[in-house]
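Participant: Sequence and predicted model, in that order:
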Amino acid sequence: MRVAEVMTTEVLTVAPETSLKQVAEMLASRGISGAPVVDEEKHVVGVVSEADIIVKERRLPQPDALHRFLHRTNGTAAKRAATTAGEAMTSPAVTVTGTRRVDVAAALMLDRHVNRLPVVDDQGVLVGIVTRADLVRAFIHSDDEIANEIREEVLLRELWLRPEDFELTVDRGEVTVAGHLPNEDERELLIRRVGLVPGVVSVQVRETTHV
């Protein structure tokens, strides 16, 4: 499954010069936690989130510790002084293209500790946004949808294997693949790749001479 299949195309965006007060009002009214910051050509230049706003509400240390605090947290100090989205945003933004698989998006979110990824085209122009909630929804795909992606995307297109050579069963996300694979490396590759299909809970591969 690709990011383009689960992303939202109607995206709330703000300009670098948008005031933080306006950003806060927009996030609160839409019930979202962040928004891409884009230039006039819709190129993503950063992301502004609730965290970038509530840093202004953080209590400062006592005066004798203030200098050390500011020295250690220059980024936090800059965000406290920010008045616009461009000054408060996190930049460069972590983005993903719509052609990437959803497991790539999931890894980016977890590794970079972000809740959302702007989706861009090859020129960096915003085309959508994908959130952790979108990936959770992808995980609840039916057994039939999971089986179809394994056959068409994993076996046929990526691993160049004939789906008809394998017996595939999916029960509440638990996948069993029965068939012949030339060696242990290919078996492990199949297990890893099937495990990345949204909705798969576990994978078992059984070696058979004939299916």
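Facilitator: Everything's here; your move.

Participant: Just the pLDDT for the residue minimising distance to the centre of the chain.
Facilitator: The geometric centre of the chain, computed from its C-alpha atoms, lies nearest to residue 105 (CA atoms, centre = their mean), at 3.4 Å. Residue 105 is assigned a predicted lDDT (pLDDT) of 94.

Participant: just checking, it touches residue 96?
Facilitator: Yes. Distance between residue 105 and residue 96: 5.2 Å, which falls inside the contact criterion (CB atoms under 8 Å). Any C-beta I mention is one placed from the backbone N, CA and C, and that applies to glycine too.

Participant: quick one: the helices in the chain?
Facilitator: For the chain, helices defined by DSSP state H occupy the ranges 3-6, 20-30, 50-54, 63-72, 74-81, 85-88, 102-112, 132-139, 143-149, 184-195.

Participant: most tightly surrounded among those helices?
Facilitator: Compared across the helices of the chain, helix 85-88 shows the largest average neighbour count, a mean of 22 (mean count of other CB atoms under 10 Å).

Participant: Who are the packing partners of that one?
Facilitator: The contact analysis (3 or more CB pairs under 8 Å, 6 or more residues apart in numbering; DSSP states H and E) places helix 85-88 against helix 20-30, strand 44-49, helix 74-81.

Participant: what's the least confident stretch among these?
Facilitator: For the helices and strands packed on helix 85-88, mean pLDDT drops lowest on helix 74-81, to a mean of 65.

Participant: can you list the domain ranges for this structure.
Facilitator: Per automatic domain parsing, the domain ranges recorded for the chain read 3-139, 143-207.

Participant: By mean pLDDT, show me the worst of the ones you listed.
Facilitator: Among those, domain 3-139 scores lowest, with a mean of 86.

Participant: how long is that domain end to end?
Facilitator: The stretch domain 3-139 measures 13 Å between its terminal residues, going by CA to CA, to the nearest Å.

Participant: Go through the helices of the chain and name the closest to residue 121.
Facilitator: When the helices of the chain are compared by CB to CB, helix 3-6 sits nearest residue 121, at 10.3 Å.

Participant: now for that closest one, which elements pack on it?
Facilitator: Short answer (3+ CB pairs under 8 Å, 6+ apart): helix 3-6 packs on helix 102-112, strand 116-120, strand 126-131, helix 132-139.

Participant: Tell me which of these lies nearest to residue 203.
Facilitator: Using CB to CB, those put helix 102-112 closest to residue 203, at 13.5 Å.

Participant: Relative to the whole chain's centre, how far out is the closest one?
Facilitator: Counting by CA atoms, centre = their mean, to the nearest Å, helix 102-112 is centred 5 Å from the centre of its parent chain.
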